[in-house]
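# Quick one: sequence and predicted model below, then my questions.
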Amino acid sequence: MKAKIITYWIATVLLCAQMAFAAFAYFTRQPKVVEGFGSLGYPEYFPILLGTAKSLGVFALLIPGFALLKEWAYAGFTFTFLGAIWSHLAMNQDKAAMMPLAALVLLSISCLLRPESRRVVARHRIAETHEPHDVGLPSGTTGGR
């Protein structure tokens, strides 16, 4: 169990470091970033939008609590990486597609190994175990459960 938590944190920290570095490069309009987005046909404002989203995703994954927000961050990063992979492959930039693919692997490891306390399902299960069932319902009914 300890190996699972350590692997989760390694993957999560590496992913968040990669996303924070990317966001910084986007915000500072590094020449390679501008050139890279231009080669894909994206507008000039797109790196700022993506940098903001990546920054928010990093905060969501690292701060304690907010399990639903973490779910949204995992989903947002998934769509971002799939979009980046597809964009690079569509422009015949096969080598450039490797970086978002590696990020998708880290994201998957982080998502699959995250502790129950960082999952929405866990919170739902905890709430169910503390809620009285069938209180005030006529006998034989389950209230839709």
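Looks like it came in fine.

# Could you give the number of residues near Lys70?
21 (other CB atoms under 10 Å). (Glycine included, C-beta is placed from N, CA and C.)

# How about residues contacting the helix or strand encompassing it?
Using DSSP states H and E, Lys70 sits within helix 67-90. Identification of contacts with helix 67-90 by CB atoms under 8 Å, 6 or more residues apart in numbering yields 15, 19, 40, 42, 50, 53-54, 56-57, 60-61, 94, 96-97, 99-101, 103-104, 107, 110-111, 114, 117-120, 122-123.

# Swap in 7 Å and give it another go.
Residues from elsewhere that reach helix 67-90, judged by CB atoms under 7 Å, 6 or more residues apart in numbering: 40, 53, 57, 60-61, 96-97, 100-101, 103-104, 107, 111, 118-120, 123.

# Can you select the buried ones among those residues for me in ChimeraX?
Selection of buried members from these for ChimeraX, criterion 16 or more other CB atoms under 10 Å:
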select :53,57,60,61,96,97,100,103,104,107,111,118,119
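
# taking the contacts of helix 67-90 one by one, which sit in helices?
If you go by DSSP state H, those have Ala53, Gly57, Ala60, Leu61, Pro100, Leu101, Ala103, Leu104, Leu107, Cys111, Val120, Arg123 in helices.

# how much space between the first one and Val34?
Put plainly, it is Ala53. According to CB to CB, to the nearest Å, Ala53 and Val34 sit 18 Å apart.

# what's the residue closest to the geometric middle of this protein?
For the chain, the residue nearest the mean C-alpha position is Tyr74 (2.2 Å; CA atoms, centre = their mean).
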